[in-house]
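> Here's my sequence, what's the structure:
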Amino acid sequence: MRNIIIKFFVVVTVLSSLVSCKNTKALMPNISGKAGEVIVVIDRENWQGNLGNAVRELLADECPYLVPREPMFTLSNVSPSGFGDLFKVHRNILIFNINPQNQKEHVNYATDIWATPQCVIQLDAFDKDSALALLKENAPRIISTIEQAERDRNIANATRYENTSIGDAVREMVGGSPHFPDGYRIRKNTGSFIWVAYDSASILQDILVYTYPAQGNEQDFTIENLIANRNEVLKENVPSTAEGSYMTTDESYLKPTVEYLKFRGRQFAQVRGWWDVHGGWMGGPFVTHAFYSQDAKSIIVLDAFVHAPGHDKRQLLRQVESIIYSFEWKKSE
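Residues are numbered from 1 along each chain as shown. As a prediction, the model looks like this:
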C-alpha cells in the first residue's frame with residue numbers, strides 16, 4: 001500500500017509539473033519583431049570592434065541567389081544595460097555575456113525564455129577575444145539554430161491554417177505532402193506533376209511537386225542529374241507567356257549548388273539556384289528537395305521558387321522553403 005501511495009504522488013507531481021510548464025508557456029507574450037530580425041545584446045565598444053564585425057560577417061552575410069543582394073538576417077544592437085522588457089520579447093536574441101567571473105565558456109541555446117515562439121542564444125566568455133573565438137567555433141550551429149527557428153514559425157503557421165485539400169492531392173501522388181497554408185491553390189495536376197501556386201499581381205510564391213524514375217545508384221542525386229531532370233520536367237510543364245518559352249535553370253549567371261541534408265528523419269538533396277525563362281526575361285531564386293519515394297523506385301522533388309521583381313525576396317523565399325521542409329509521409333491508418 002505504501003508503494004502504491006508513493007507512486008501515486010510521483011505521478012501527480014510529474015503531471016502537475018507538465019501542466020504548470022504548459023500553462024506558463026500559454027501565459028507568455030507572443031514574440032515581437034519582423035521575420036528575419038535578430039537583436040544582438042552586446043556593449044557598444046565590442047559592437048563597433050572586431051567582435052561586432054564578426055557578428056555582422058556571420059549573420060548579415062548575403063543570402064545566396066537573391067538579386068538584388070539581401071542580408072541573411074537584419075541585425076539590431078542593444079547594450080546589456082538597455083536590454084529591458086521591450087527587447088526581451090523579440091523573436092531572435094543573441095546575447096554576449098562577457099565576464100572574467102563566468103564559471104566556464106560555452107554557448108547556450110534556449111527557446112521561449114521571455115516570449116513564444118522565441119530563439120535565444122547566449123555566449124558566455126571570459127573576455128572579448130575568447131568571445132570572438134567562441135563565435136567562430138560555433139558559427140554553423142548559431143546560423144542553423146536561428147534559421148530553424150524562423151522556419152519552424154512558418155511551418156507552425158502553415159499547419160495551423162492548412163489547406164488540406166492540396167495535401168490530399170499531393171499525398172495521393174507521392175505518398176506524403178508538405179503543409180500548404182490557406183491562399184495556395186492547385187494550378188496544374190497531371191498525375192506526376194502538381195503545380196501549387198500562391199500568386200498576386202506582382203509576386204509568385206509557387207511550389208512544384210513532381211516525380212521521375214530513379215536509377216538506383218549514386219547518380220540519382222548528383223547536381224548534374226538533378227538539374228537535367230529538373231529542366232526536362234519544367235520544359236514540359238511550366239511554359240511562359242511567349243510562344244516556345246519555358247522555365248529552366250540558369251547555369252551561367254548563378255551556378256546551382258547542392259548539399260545533402262537530414263531533417264527530422266528525412267534525407268534529401270537540397271539544390272539552390274536561379275531559374276529563368278528560355279526565350280523570356282523572367283527569373284528568380286529557387287530551392288529544391290529531392291529524395292527517394294518510399295519504395296525507392298522514384299525520385300520525389302519539391303521545387304519552391306519566387307518571382308518578385310522590385311520586392312525584397314528573402315522572406316518570400318524563406319516562406320516557400322519552409323513549406324517544403326514541412327513534408328511528412330502519409331501516416332498509416
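
> Look up how far residue 41 lies from residue 84.
According to C-beta to C-beta, to the nearest Å, residue 84 stands 11 Å off from residue 41. For every residue, glycine as well, the C-beta is placed using N, CA and C.

> do the same with residue 53
17 Å.

> So between these two, which is more surrounded?
Just comparing residue 53 and residue 41: by other C-beta atoms under 10 Å the higher neighbour count belongs to residue 41, 23 against 13.

> Return the set of residues that bridge with the more buried one.
Beta bridges link residue 41 to residue 78, residue 95 when assigned by DSSP bridges.

> so who does it touch?
Residue 41 makes contact with 78-80, 83, 87, 93-96, according to C-beta atoms under 8 Å, 6 or more residues apart in numbering.

> out of the residues you listed, which are buried?
For the contacts of residue 41, a burial check counting by 16 or more other C-beta atoms under 10 Å picks out 78, 83, 87, 93-96.

> model confidence over stretch 122-141, on average?
Stretch 122-141 shows a mean pLDDT of 97.

> now do stretch 308-324
Averaging pLDDT residue by residue across stretch 308-324 gives 96.

> got a list of contacts for stretch 161-181?
Contact with stretch 161-181 is made by 155, 157-159, 182-186, 189, 191-192, 194, 196, 207, 209, 211, 293-294, 298, 300, 302, 323-330, as judged by C-beta under 8 Å, 6+ apart.

> buried sites along it?
Across stretch 161-181, burial judged by 16+ other C-beta under 10 Å covers 162-163, 166-167, 169-170, 173-174, 176-181.

> again, but for stretch 294-312
For stretch 294-312, the neighbour count (16+ other C-beta under 10 Å) marks 298-308 as buried.

> just stretch 145-158 next, same as before
By neighbour count on 16+ other C-beta under 10 Å, the buried set for stretch 145-158 is 145-147, 149-155, 158.

> Now flag whichever of the residues you listed is closest to residue 107.
Using C-beta to C-beta, residue 145 comes nearest to residue 107 of the buried residues of stretch 145-158, at 9.5 Å.

> Contact partners for the residue nearest in space to the middle of the chain?
Residue closest to the average C-alpha location in the chain (C-alpha atoms, centre = their mean): residue 151, at 3.6 Å. Counting by C-beta under 8 Å, 6+ apart, residue 151 touches 318, 321-322, 325.
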